[in-house]
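Chemist: Sequence first, predicted coordinates after that:
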Number of protein chains: 2
Amino acid sequence: MKDITLKEIAAKLGISITTVSKALKNYPDVSEKTRNAVLELAKSLHFTPNSFAVNLRTKESKTVGLIIPEVVHHFFSNIINGIIDEAEKNGYLVFILQSNESLELEKKQVELLLNKRVDGIMLSLSNESNDDVHLKEIIKREVPLVQFDKISKLIPSSKVIINDQKAAFDAVEHLIKSGCKKIAHIRGPINPQNAIDRFLGYKKALEKNNIPFNSNLVFTCKNVTFDEGKQFAQLILEQHPDIDGVFAVTDLVAIGLLDHFNQNNIKVPQRVKVIGFSNWFMSQVMNPKLSTVDQPSYLMGVQAFNLLLEEMIARRELKPFTPRIIELPTSIIKRQSTSIEQ
Amino acid sequence: MKDITLKEIAAKLGISITTVSKALKNYPDVSEKTRNAVLELAKSLHFTPNSFAVNLRTKESKTVGLIIPEVVHHFFSNIINGIIDEAEKNGYLVFILQSNESLELEKKQVELLLNKRVDGIMLSLSNESNDDVHLKEIIKREVPLVQFDKISKLIPSSKVIINDQKAAFDAVEHLIKSGCKKIAHIRGPINPQNAIDRFLGYKKALEKNNIPFNSNLVFTCKNVTFDEGKQFAQLILEQHPDIDGVFAVTDLVAIGLLDHFNQNNIKVPQRVKVIGFSNWFMSQVMNPKLSTVDQPSYLMGVQAFNLLLEEMIARRELKPFTPRIIELPTSIIKRQSTSIEQ
């Protein structure tokens, strides 16, 4: 890259470097004529202040980091969308990294962002993350941090979350109200707090409605994929053919179930009703269309960035900052897969 | 953020700053004992070389920029996936920006990345882009550039593309071989080269098979959305109910068509056959499953980064670099929506 320096501008105009620098900064002790000459030449030479040098002075990089488990994922790509739209409005650039659900990679990426001196970090934990030493490191280094979706409750950072337990409770109660009496749950992996909370919501809804909890009806995903949905659908048909309702931890898994049921001529919603979680775009084009829990993913991204911005501003101004937790509302989207009209 | 400087380490150990600096760089004229003491203290103080200062020295930021039209888009999110995986392996961080299909925003983002002194830029043009003055600016500033998917042919940069015309030709010929005689094309907007090429491939396939081209059977998307697919499906039913095949510019639009046909009890593939483009994940879970053109999006991301890396290395070593064009292969995925078994 060509670098046009202050020195070159000064030489071309036969003035001092200090004068060029003052002119570019609009100092009053430079004549308007000189200032205009400097600005014009700078423009024609495509001069931009060296951003690295600016960084050294201000200690701000105007960059933030975002670590998410997966980019090719409807929920997370909507969050990215919200974050980068909001960052753009506020003049920040966003480094995006994906942990591919690996704790090791996530730790390495936190280190990388810290070394890069980003002004703040937003992060959703990988499914593997059962250790938060890297998050503690961010706090210790006094770098602003916002956790969202998959979080570590013990880390004292700002957070943007939903009430997973309540949302899951509502989903399962919707199945019960639609007539289901034997309800399976395809749950997420063991570590993530949101998988635990959704499982607890499922259990609570059964209890409240006097349906005995049966641990054999709970199936645990490892990778939370479409294929796992298909495999669990097959297991359900083999082991518990009288199951009449399924609550899946996310739409992708529910869509795997629907696909397998369709292929095997198991009528949804007549024989078994299915509800997912997250309201992926795909859910509304399935046949039958999938009932689900809507969670505002784009808004989650917007809020995550704005919480980070609050903290970055507070630190820049050396003001105290108390982490905040924002809980976003969810709602049940009723579609054909849980319909009682048959 | 707390900054532990070389000065502090030097003061704590009672040695000179030069010695600390040499120890951190493994210079041989520092004793092993001193080096170990420096490294241990640096580690315990979480010292990392100030990356801004490093940047000033090496003139490399180890960051690259990526501008795409949309993040929440199966094709582009797969490309992001390929790019950031490859960047990670090579020690680069990626700023991701989305133009939201706006030329104005795209221009602003190019300027932002140039000012940020990224080492290189990867870009897929917005649908609005009918002007490439901002790309010329990248070339003029001698910043490595790779265009992919939606490109400007006239800009002498490296490119990763597919043969859109051939791929579209194959898709339409597949419809013809499946028995279609009156084939509509839902095309992309006027500007993007790939929309033009897909349209030309459609036309060529008709010609080769002695089917007269009828411009009334070509419908032009503005935003390339699911809803546009539904609207064009309705138009087709109203204006040309004898159409027996549709080639859509992308799967999202084809899925809109399928959804509308399903809702209105128009049997696919019996009454009308549909083929999309891009092989979105969703296509395989539709009912009927959607035939489409597979284009290797993840690989496109990997190749885009690698071409950029080639150019960044060449420039760093002051070697000449000739832009390269990589054309990736495509293939037809035959599924239920074009099946002849009825």
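Modeler: Yep, it's here. Residues are numbered from 1 along each chain as shown, chains lettered A, B, ... in the order given.
Chemist: contact partners of the helix or strand hosting A:Leu113?
Modeler: Under the criterion of DSSP states H and E, A:Leu113 resides in helix A:103-115. For helix A:103-115, the external contacting residues (Cβ atoms under 8 Å, 6 or more residues apart in numbering or on different chains) are A:65, A:67, A:95, A:97, A:99, A:121, A:123, A:125-126, A:128-131, A:133-135, A:137-138, A:141, A:143, B:48, B:51, B:93. The C-beta positions use only the backbone N, C-alpha and C, and glycine is treated the same way.
Chemist: go again using 6 Å as the cut-off
Modeler: A:Gly65, A:Ile67, A:Leu97, A:Ser99, A:Ile121, A:Ser126, A:Glu128, A:Ser129, A:His134, B:Thr48, B:Ser51 (Cβ atoms under 6 Å, 6 or more residues apart in numbering or on different chains).
Chemist: Could you report the pLDDT at the last one?
Modeler: At B:Ser51, the model reports a pLDDT of 47.
Chemist: what do you get for the fifth one?
Modeler: The confidence metric pLDDT takes the value 98 at A:Ile121.
Chemist: counting contacts, what elements does whatever helix or strand comes next after the helix holding A:Leu113 pack onto?
Modeler: Downstream of helix A:103-115, the next assigned helix or strand under DSSP H and E is strand A:120-123. Applying 3 or more Cβ pairs under 6 Å, 6 or more residues apart in numbering or on different chains; DSSP states H and E, one finds that strand A:120-123 contacts strand A:63-68, strand A:145-148, helix A:297-316.
Chemist: Deepest-packed of the ones you listed, please.
Modeler: Among the helices and strands packed on strand A:120-123, the stretch with the highest mean neighbour count (mean count of other Cβ atoms under 10 Å in any protein chain shown) is strand A:145-148, at a mean of 26.
Chemist: Next, see if that one gets close to chain B.
Modeler: No - Strand A:145-148 is not in contact with chain B by Cβ under 6 Å from any Cβ of the partner chain; minimum separation 11.9 Å.
Chemist: List the pairing partners of whichever helix or strand comes after that strand within its sheet, with orientation.
Modeler: Downstream of strand A:145-148, the first helix or strand assigned by DSSP H and E is strand A:158-162. Applying DSSP bridges to the sheet, strand A:158-162 is found paired with strand A:145-148 (parallel), strand A:325-328 (parallel).
Chemist: start to end distance for stretch A:284-304?
Modeler: Terminal residues of stretch A:284-304 lie 27 Å apart, using Cα to Cα, to the nearest Å.
Chemist: got the contact list for that stretch?
Modeler: With Cβ under 6 Å, 6+ apart, stretch A:284-304 has contacts from A:75, A:78-79, A:81-83, A:86, A:122, A:146, A:148, A:160, A:162, A:167, A:171, A:251, A:254, A:258, A:268, A:275-279, A:283, A:326, A:328, A:330-331, A:333-338, B:255, B:259, B:287.
Chemist: Next: stretch A:31-49.
Modeler: A:Ile4, A:Ile9, A:Leu13, A:Val20, A:Ala23, B:Asn115.
Chemist: If any of those residues are buried, put those into a ChimeraX selection.
Modeler: Buried members of the contacts of stretch A:31-49, defined by 16 or more other Cβ atoms under 10 Å in any protein chain shown, are picked up in ChimeraX with:
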select /A:4,9,13,20,23
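Chemist: how is chain A carved up into domains?
Modeler: A:6-49, A:61-162+A:297-330, A:164-295+A:332-338 (automatic domain parsing).
Chemist: would you turn those into JSON lines with distance to B:Tyr27?
Modeler: As requested, these are exported to JSON lines (distance: least, Cβ to Cβ, whole Å):
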{"stretch": "domain A:6-49", "distance to B:Tyr27": "31"}
{"stretch": "domain A:61-162+A:297-330", "distance to B:Tyr27": "21"}
{"stretch": "domain A:164-295+A:332-338", "distance to B:Tyr27": "44"}
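Chemist: Relative to B:Ser61, which of the ones you listed is closest?
Modeler: For those, the distance to B:Ser61 is smallest for domain A:61-162+A:297-330, at 9.3 Å, taking Cβ to Cβ.
Chemist: Can you give me the end-to-end span of that closest one?
Modeler: 35 Å.
Chemist: again with stretch A:213-231
Modeler: Using Cα to Cα, first and last residues of stretch A:213-231 are 22 Å apart.
Chemist: repeat for stretch A:214-223
Modeler: 23 Å.
Chemist: Next: stretch A:90-100.
Modeler: 28 Å.
Chemist: What ranges does chain A have for its strands?
Modeler: Listed in chain order, the strands found in chain A under DSSP state E are A:63-68, A:93-98, A:120-123, A:145-148, A:158-162, A:183-187, A:218-220, A:245-248, A:273-275, A:292-294, A:325-328, A:331-333.
Chemist: how about the CA coordinates for the fourth one, as PDB?
Modeler: Translated: strand A:145-148. Listed next in PDB are the C-alpha coordinates belonging to strand A:145-148 (Å, rounded to 0.1, in the frame of the first residue of the first chain):
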ATOM      1  CA  LEU A 145     -17.600  -8.100  27.500                       C
ATOM      2  CA  VAL A 146     -21.100  -9.000  26.500                       C
ATOM      3  CA  GLN A 147     -22.400 -12.600  26.600                       C
ATOM      4  CA  PHE A 148     -25.500 -13.600  24.700                       C
END
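Chemist: I appreciate the help and will end here.
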